[in-house]
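Q: fold the following for me, if possible:
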Amino acid sequence: MSGHDGLTRPALRTVPREHGYVDQVPRRQQYQAAHPNVEVLYHGSYWQAIVREDAGEIVITRYELRALLDKLESLDHPAG
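A: Here you go, the predicted structure:
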């Protein structure tokens, strides 16, 4: 890419807001394999989990995959 000054510049690449999500992919895969009632979706700017239960569904939304997985895992281990 050439700038106004004639110098060559590297092309700008957009980095998704969730650029740190890559290291969470194996964690997500393991969680979903162990919890077939949970669907994890990426909606472009946020992550969402749909937890299907006998009484209905729980929908959890977070901007970071790590935060969503943290919340899902906390549901498996309620305080007390």
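
Q: next, count neighbours for Val40.
A: Using other Cβ atoms under 10 Å, Val40 has 19 other residues around it. Yep, even glycine has a C-beta here, placed from its N, CA and C like the rest.

Q: ok, now the one 4 residues further on?
A: Burial measure for Gly44: 8 neighbouring residues, criterion other Cβ under 10 Å.

Q: helix, strand, or coil at it?
A: Secondary structure, DSSP: H, G, I helix; E, B strand; the rest coil: Gly44 is coil.

Q: how near is it to Asp70?
A: Distance, Gly44 to Asp70, by Cβ to Cβ, to the nearest Å: 21 Å.

Q: for beta bridges, what are the partners of the nearest residue to Leu75 once chain neighbours are set aside?
A: Excluding its sequence neighbours, the residue lying closest to Leu75 (Cβ to Cβ, 6 or more residues apart in numbering) is Val51, at 7.4 Å. Using DSSP bridges, the beta-bridge partners of Val51 come out as Val38, Ile58.

Q: next, count neighbours for Val51.
A: Residues lying near Val51 (other Cβ under 10 Å) number 16.

Q: do you know the pLDDT at it?
A: According to the prediction, Val51 has pLDDT 96.

Q: contact partners for it?
A: Val51 makes contact with His35, Asn37, Val38, Glu57, Ile58, Val59, Ile60, Leu72, Leu75, according to Cβ atoms under 8 Å, 6 or more residues apart in numbering.

Q: state the distance from the residue positioned nearest the centre of the chain to Ala79.
A: Nearest to the mean C-alpha position of the chain, by Cα atoms, centre = their mean, lies Leu65 at 2.7 Å. Going from Leu65 to Ala79 by Cβ to Cβ gives 23 Å.

Q: what's the helix or strand for Ile60?
A: Ile60 belongs to strand 56-62 when elements are defined using DSSP states H and E.

Q: what does that strand contact?
A: With Cβ under 8 Å, 6+ apart, strand 56-62 has contacts from Tyr46, Trp47, Gln48, Ala49, Ile50, Val51, Leu68, Lys71, Leu72.

Q: now the two most distant members of the residues you listed.
A: Tyr46 and Val51 (16.2 Å; Cβ to Cβ).
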